[in-house]
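Enquirer: Fold the following, please.
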Amino acid sequence: MSDNDPMSAILYPVAADAEAALAAPLGRAAREREARLLAAGQPVAFLTRAVGPDFASRAAALDAFAGKVEDDRPGRVLSLAPEDRYCRLAELAAQVGGRRPVPALASPVLKDGRRWPAPLDEPVATVWRLQVSFWRVGATTEVSLDGPQARRVRRAGAEADRDTLNALTRQPLRALRPQQPLDIGLFEVRPPEAPHTVIADE
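Expert: Now for the predicted structure:
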């Protein structure tokens, strides 16, 4: 690929919810400013949501969403264009009593030369679901870069709803304090008798 060729970015659907993003989006955009234009100036937020029913096997999910996700099965190989890769299949724990089970935290055992407990005899039952990444129109939860860092919000113990927490996890990483400019090299020093000059240390 030539250095002058434009890079292909994923074009995410712009819609009010995940079902609309999969069926009839307003359009597709790679960047937030493009998504806002398609949403007629309304605020947008980037989300990933599950769509459709649970499938017992990956093959069944691939058959149901043929053409939406890449297929690597022999004889049915399908490779999507880079801009169309906004869907993926995810393996999730099967619901028990209407809710997905939360995995128990394993504690160190430190017994008989073993650090961790023996694994469960039976693996957790799993299902496959389609995950769609899209720009949601009319999103009210937006994280400002001028606001507090996610770690400070978490340490303060402030109550936050699901959308706020999701937005905080997608917040760009920021340093605790602004990075100072590097005025000299790693192996250079300023001699005390002439602080206006820089000399090599090695």
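
Enquirer: Residue 189 against residue 199, yeah?
Expert: Yes. Residue 189 lies in contact with residue 199 (Cβ atoms under 8 Å); the separation is 6.2 Å. (C-beta placed from N, C-alpha, C; glycine too.)

Enquirer: what sits against the nearest residue to residue 57 once chain neighbours are set aside?
Expert: What sits nearest to residue 57 in space, not counting adjacent residues and going by Cβ to Cβ, 6 or more residues apart in numbering, is residue 128, at 6.8 Å. Residue 128 makes contact with 54-58, 60-61, 89-92, according to Cβ atoms under 8 Å, 6 or more residues apart in numbering.

Enquirer: switch to 6 Å and redo it
Expert: 55, 58, 61, 89, 91 (Cβ atoms under 6 Å, 6 or more residues apart in numbering).

Enquirer: Sitting in strands, which of these do you find?
Expert: Here DSSP state E is the test, and the contacts of residue 128 give 55, 89, 91 as lying in strands.

Enquirer: Tell me the one among those residues nearest to residue 123.
Expert: residue 91 (11.3 Å; Cβ to Cβ).

Enquirer: Quick check, that closest one in contact with residue 126.
Expert: Yes. Look at residue 91 against residue 126 with Cβ atoms under 6 Å: they come within range, at 5.0 Å.

Enquirer: Comparing the two, which residue is more hemmed in?
Expert: residue 126 (14 against 11; other Cβ atoms under 10 Å).

Enquirer: Could you measure from the more buried one over to residue 178?
Expert: The gap separating residue 126 from residue 178 is 45 Å, by Cβ to Cβ, to the nearest Å.

Enquirer: on that earlier part again, what's opposite the residue nearest to residue 57 in the beta bridge?
Expert: residue 55, residue 91 (DSSP bridges).

Enquirer: who touches both of residue 91 and residue 126?
Expert: In contact with both residue 91 and residue 126: no residue, using Cβ under 6 Å, 6+ apart.

Enquirer: Tell me the buried residues within the contacts of residue 128.
Expert: 55, 58, 61, 89 (16 or more other Cβ atoms under 10 Å).

Enquirer: quick one: pLDDT of the second one?
Expert: Model confidence at residue 58, given as pLDDT, is 90.

Enquirer: any idea how far the residue nearest to it when sequence neighbours are not counted lies from residue 60?
Expert: If the residues on either side of it in the chain are set aside, residue 58 comes closest to residue 128, at 5.3 Å by Cβ to Cβ, 6+ apart. According to Cβ to Cβ, residue 128 and residue 60 sit 7 Å apart.

Enquirer: ok, now residue 43?
Expert: 37 Å.

Enquirer: got it, and residue 129?
Expert: In terms of Cβ to Cβ, residue 129 sits 11 Å off from residue 60.
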